[in-house]
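K.L.:
Could you look at this predicted model? Sequence included:
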Amino acid sequence: MWYYKDIVRKSILRYKFGRHRSYAQAYGRVLAMKLHKEGKDDFDVIAFVPVAFLRKMKRGYDQVAILADVLEKELNLPVARALRKIRNTPPQSGIQDVARRRANVLGAYRCVDADTVRGKRVLLLDDVLTTGATASECARVLLTAGAKEVFCATLAVSEYNTK
């Protein structure tokens, strides 16, 4: 939706780490409008990239799960809580090398409810896309579980990804 820099970056960081959960309402509405406008709203279900249990406990919430709940209402689509992070990994934001980022998330996610995605067009939701390593791994897991197609939507994309 946006580039992950300047005021957008500061806003997303406040949302993720500053307990500004209410930002999800505005983010979700704008993201839904963008998906509608671009004709990219023909999905069966929404899945999201979950945070690790320990990180969720420390933060107090899963920011992408909250965003998915807003999109559920805006797009009138069910949220499939199909993915679980099964391994605590170092934050992707601290890893610059693409190969190391991919290795960091390889096998870190599991589909815990394949019935919710089997044969369906899945909208995979995350907050920030940098190299695509996390989104790719989650899409691979969903496709392996039987999803028909997986499309990714994020609030922001880093400049790294546009080079």
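P.N.:
That came through, no problem.
K.L.:
Show me what the most centrally placed residue in the chain is bridged to.
P.N.:
Centroid check for the chain by Cα atoms, centre = their mean gives residue 126 as the closest residue, at 1.6 Å. Here residue 126 shows beta-bridge partners residue 154, assigned using DSSP bridges.
K.L.:
hey, where'd the helices end up in this structure?
P.N.:
6-17, 23-37, 53-59, 63-75, 98-105, 133-144 (DSSP state H).
K.L.:
C-alpha coordinates for the longest one, PDB please?
P.N.:
Put plainly, it is helix 23-37. Taking C-alpha atoms only, helix 23-37 is exported to PDB below (Å, rounded to 0.1, in the frame of the first residue of the first chain):
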ATOM      1  CA  TYR A  23      -4.400   2.000  14.000                       C
ATOM      2  CA  ALA A  24      -5.700  -1.300  12.600                       C
ATOM      3  CA  GLN A  25      -9.100   0.200  11.900                       C
ATOM      4  CA  ALA A  26      -7.700   2.800   9.500                       C
ATOM      5  CA  TYR A  27      -5.100   0.500   8.000                       C
ATOM      6  CA  GLY A  28      -7.700  -2.200   7.300                       C
ATOM      7  CA  ARG A  29     -10.200   0.200   5.700                       C
ATOM      8  CA  VAL A  30      -7.600   1.800   3.500                       C
ATOM      9  CA  LEU A  31      -6.200  -1.600   2.500                       C
ATOM     10  CA  ALA A  32      -9.700  -2.900   1.700                       C
ATOM     11  CA  MET A  33     -10.400   0.100  -0.400                       C
ATOM     12  CA  LYS A  34      -7.100  -0.400  -2.300                       C
ATOM     13  CA  LEU A  35      -7.900  -4.100  -3.000                       C
ATOM     14  CA  HIS A  36     -11.400  -3.200  -4.200                       C
ATOM     15  CA  LYS A  37     -10.100  -0.400  -6.400                       C
END
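K.L.:
Quick check, residue 48 in contact with residue 122.
P.N.:
No. Residue 48 lies out of contact with residue 122 (Cβ atoms under 8 Å); the separation is 10.1 Å. Just so you know, the C-beta spots here come from the backbone N, C-alpha and C atoms, and that holds for glycine as well.
K.L.:
Return the distance of the residue nearest to the centre of the chain relative to residue 119.
P.N.:
According to Cβ to Cβ, to the nearest Å, residue 126 stands 23 Å off from residue 119.
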